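K.L.:
Sequence below, structure please.
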Amino acid sequence: MQNICRIALAVSLTFSSMSVLAEQPKIEFEDLPELMQQMQHKTASKRISATYTRQHYKKFALDADLSSDIFDLYLKQLDYSRQVFLSADIKQIEKYRHSFDDMIDTGKLNPAFDIYNLNVQRRFQRYQFALTLLETEFDFSEKEQYVFDREEAPYAETVSELDEIWRQKVKYDALNLKLAGKEWLEVKKVLSKRYNYAIKRLSQGESEDVFQVVMNAFSRTVEPHTSYLSPRNAERFQMEMNLSLEGIGAVLRIEDDFTVIQSVVTGGPADKTNKIKPKDKIVGVAQDDKNFVDVVGWRLDDVVDLIKGPKGTKVRLQVEKGEDDPTIEVVEIVRDTIKLEDRQAKSEVYLEKSENTDTAATAKKLGVITIPSFYNKLSRDVAKEIASLKEQNVQGIIVDLRGNGGGSLVEATLLTGLFIDKGPVVQVRDGANRVEVNKDTDGLSYYNGPLTVIVDRYSASASEIFAAALQDYGRAIIVGENTFGKGTVQQHRGLGRVYDLFENPLGSIQFTIAKFYRINGGSTQHKGVTPDIIFPSAIDPKDWGESQEDNALVWDKINKAAYTPLNDFTQDISYLDSLYQERIKTNSEFGYLAEDIAYYQQHKDKKSASLNYQERKDERETNKAKRLDRANLRLIAMGKEKVKTVDDIPEELAELDPFLDETAKITFDLVTIDKLASIK
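P.N.:
Predicted coordinates:
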């Protein structure tokens, strides 16, 4: 195990954690704020209620039934794992279950603030209890389980029952640090700082925090893509829309208590380090050469504020890498302005991988156009890439939409137009049931050759419009996983008015105003796009995406648009799929994938983890050995030397892309079919 995780320790281990913490004043129960709604919240609540009930695509009644749903979601947001409130607390606040509709409609939110304040008090008590557990080192030789998934668990009946839940939680936190190579004094110090910071955050709560949770409970009860943005988040939204965000160029999300890298902006500061990858966890942040701040358990917006900063300044991140044998690496990044152009489409030539191909000059070539998002002027950029690929005499083109969450509806239409002469691309129905058909009208096609589109479960919205249109026209073969299934259009609107005289600003809302439909009449909502050739996946489409969102709009259909299919690929797809199925029987990468899928299916419903050090260590060692064996098999297949440890695994293995390789083979098969059709 590498010892790099110890770099962050700025204080000698001879000091106890309590002496370190003595530098900051201790937060007492009396220091907790009694949060109350502010003047602007009443007006904002009434404006949100009026906008949703009158202009939202989904028609709903703000009544007692909806109030009950809002109440449940509000509690879920406050205590997702049911480890803060007691059963008696829930019984006490149950009287408000059917009051949220009136509260939101009138803007009189005092009961919601009372519930929030009670939650703060209970959290304070829990973290105080957690600190007392650090006085004595845990016995990690005992065999017991920590239940981490308590979403459906009953609330604790007694304080002692809740204490036991938290004893296991703290022991779990401590065991993870021990497995990362930390001794008990280090563990004690890190967790003491973490829990004391959580207490400090409780003492710094603001009324806007409460209002944001209440309004989002209301918004998400209506529909999952409807939300309230606080003034700070609204400002950040506008910065992103204006492309003026300065930072490291990474999209973050919260997963349990961790801030996780969801994606990295191509060409951005984080990407240029070659050290930040998706799934990495940020556990610490330091400004320039200052000490690290442990950010485990922090709110996402607070972590983002720490990481963001002016262009040219330096931020250091402690990044936990790897799941089976995690190590902590310190990554230094110089902040820069993040432009949308950093995520622009790019192309490359893919050479056929064949034992019979002696040189690159004789290899068959495809073009691969990777599109990270549907940004403004995307179609212009792709047209340039197509021209470049045609000059290099590619025999077919692959459009890679994996991980593309969508963007501009206009660009989805224009991009489709590059591959068809003219015709409808997508239908949009608004809340008044008026249907508008977005069409390509230029009469020009920039590329008429063999075309495949690769998608995955993260491909959404505009990606689905493009893929669906080409599938309906018979213009391209769609391969990959079932897409996400987001077929809705949102509008962003500020709540403030020019005549407002409030001391504090109002935030903004984002709400659904329309729904997408394919030109064949079916919605992309809920179902997404089903590929013509489906790649194996650990995730069943019914367990992923929009279909798993509470209160999501349903799938339905309207009349199909007036369009003429360009090809009937039915027989070709059957033939291509048979070749693909035969190939993957002997493809080692797809064999590994089958093993991973089987492992996932076996463990996906697991809700607990062992608190026994040896069991967890053995599990990690087994997984490390499996990773090493698989890596060496890959290296041997590539004609390279084996490695001795997982730390020696070369980066090039992480760049292997069996899905793209198989998509290329499918495309080459399509090229052959196209040639045979031309001969006839």
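K.L.:
in its sheet, what does the helix or strand hosting I398 sit against?
P.N.:
According to DSSP states H and E, I398 maps onto strand 397-400. For strand 397-400, sheet partners with direction are given as strand 365-370 (parallel), strand 451-455 (parallel), following DSSP bridges.
K.L.:
Tell me the buried residues in the lengthiest strand in the chain?
P.N.:
Using DSSP state E, we find that the single longest strand of the chain is strand 508-517. For strand 508-517, the neighbour count (16 or more other C-beta atoms under 10 Å) marks S508, I509, Q510, F511, T512, I513, A514, K515, F516, Y517 as buried. (Glycine included, C-beta is placed from N, CA and C.)
K.L.:
Okay, angle between the helix or strand in which T413 is found and strand 365-370 too, please.
P.N.:
Mapping T413 onto the secondary structure by DSSP H and E places it in helix 409-417. Helix 409-417 and strand 365-370 are oriented at 170 degrees to each other (axes from the mean of the first three to the mean of the last three C-alpha atoms, to 10 degrees).
K.L.:
Residues in contact with helix 409-417: which ones?
P.N.:
Among residues not part of helix 409-417, those counted as contacts by C-beta atoms under 8 Å, 6 or more residues apart in numbering are 371, 374-379, 382, 406, 425-426, 428, 438-440, 442, 444, 462-463, 465-466, 469-470, 489.
K.L.:
Count the residues that sit near the closest residue to K377 other than its chain neighbours.
P.N.:
Of all residues beyond its chain neighbours, the one nearest K377 is E411 (7.7 Å), with distances taken as C-beta to C-beta, 6 or more residues apart in numbering. By the other C-beta atoms under 10 Å criterion, the neighbourhood of E411 contains 24 residues.
K.L.:
Check what pLDDT E411 gets.
P.N.:
Model confidence at E411, expressed as pLDDT, equals 94.
K.L.:
before we move on, what about N3?
P.N.:
Checking the pLDDT column for N3, the value is 31.
K.L.:
and F502, helix, strand or coil?
P.N.:
Under DSSP: H, G, I helix; E, B strand; the rest coil, F502 falls in the coil class.
K.L.:
so it sits right up against T43, yeah?
P.N.:
Yes - under the criterion of C-beta atoms under 8 Å, F502 makes contact with T43 at 7.4 Å.
K.L.:
Please pull up the helix or strand immediately following whichever helix or strand I70 is part of.
P.N.:
For I70, the enclosing helix or strand under DSSP H and E is helix 64-78. For helix 64-78, the following helix or strand on the C-terminal side (DSSP H and E) is helix 87-93.
K.L.:
Tell me how many other residues crowd V425.
P.N.:
Neighbourhood size, V425 [other C-beta under 10 Å]: 28.
K.L.:
now G522
P.N.:
Per other C-beta under 10 Å, the neighbour tally for G522 reads 18.
K.L.:
Might one say that it is in contact with N559?
P.N.:
No - contact criterion C-beta under 8 Å: G522 and N559 do not qualify, at 11.0 Å.
K.L.:
Can I get stretch 485-504 in PDB, CA atoms only?
P.N.:
Output for stretch 485-504, consisting of C-alpha atoms alone and laid out as PDB, is shown next (Å, rounded to 0.1, in the frame of the first residue of the first chain):
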ATOM      1  CA  GLY A 485     -34.900   8.300 -21.700                       C
ATOM      2  CA  LYS A 486     -35.200  12.000 -21.100                       C
ATOM      3  CA  GLY A 487     -37.700  13.400 -23.500                       C
ATOM      4  CA  THR A 488     -38.600  16.700 -21.900                       C
ATOM      5  CA  VAL A 489     -37.800  20.400 -22.500                       C
ATOM      6  CA  GLN A 490     -37.100  22.800 -19.600                       C
ATOM      7  CA  GLN A 491     -37.300  26.500 -19.300                       C
ATOM      8  CA  HIS A 492     -35.200  28.600 -16.800                       C
ATOM      9  CA  ARG A 493     -36.800  31.600 -15.300                       C
ATOM     10  CA  GLY A 494     -35.800  34.100 -12.600                       C
ATOM     11  CA  LEU A 495     -38.300  34.800  -9.700                       C
ATOM     12  CA  GLY A 496     -37.300  38.400  -9.200                       C
ATOM     13  CA  ARG A 497     -39.200  41.400 -10.500                       C
ATOM     14  CA  VAL A 498     -37.900  44.900 -11.200                       C
ATOM     15  CA  TYR A 499     -40.200  46.300  -8.700                       C
ATOM     16  CA  ASP A 500     -39.100  44.000  -5.800                       C
ATOM     17  CA  LEU A 501     -37.700  45.800  -2.800                       C
ATOM     18  CA  PHE A 502     -36.400  42.800  -0.800                       C
ATOM     19  CA  GLU A 503     -33.100  43.000   1.000                       C
ATOM     20  CA  ASN A 504     -32.100  39.600  -0.300                       C
END
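K.L.:
Show me where the stretch 351-500 of the chain has its helices.
P.N.:
In chain order, the stretch 351-500 of the chain shows helices spanning 378-391, 409-417, 462-473, with DSSP state H, counting those that start in this stretch as the criterion.
K.L.:
Reformat these as TSV; add distance to S160.
P.N.:
Supplementary listing: the helices of the stretch 351-500 of the chain in TSV, determined by distance: least, C-beta to C-beta, whole Å:
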stretch	distance to S160
helix 378-391	59
helix 409-417	56
helix 462-473	51
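K.L.:
Whatever helix or strand V251 lives in pairs with which strands?
P.N.:
In this structure, V251 sits in strand 250-255 according to DSSP H and E. Strands flanking strand 250-255 in the sheet, each with its direction: strand 258-264 (antiparallel) (DSSP bridges).
K.L.:
ok, residues contacting the strand it pairs with?
P.N.:
So strand 258-264 is in contact with 249-254, 270-271, 276-283, 295-296, 298, 300, 303, 320, 403, going by C-beta under 8 Å, 6+ apart.
K.L.:
are any of those residues buried, and which?
P.N.:
Buried residues within the contacts of strand 258-264, defined by neighbour count using 16+ other C-beta under 10 Å: 249-250, 252, 270-271, 276, 280-283, 295-296, 298, 303, 320, 403.
K.L.:
Give me the next element, helix or strand, following the lowest-mean-pLDDT helix or strand in the chain.
P.N.:
The helix or strand of the chain with the lowest confidence, counting by mean pLDDT, DSSP states H and E, is helix 17-21 at a mean of 33. The helix or strand immediately downstream of helix 17-21 is helix 39-55, counting by DSSP H and E.
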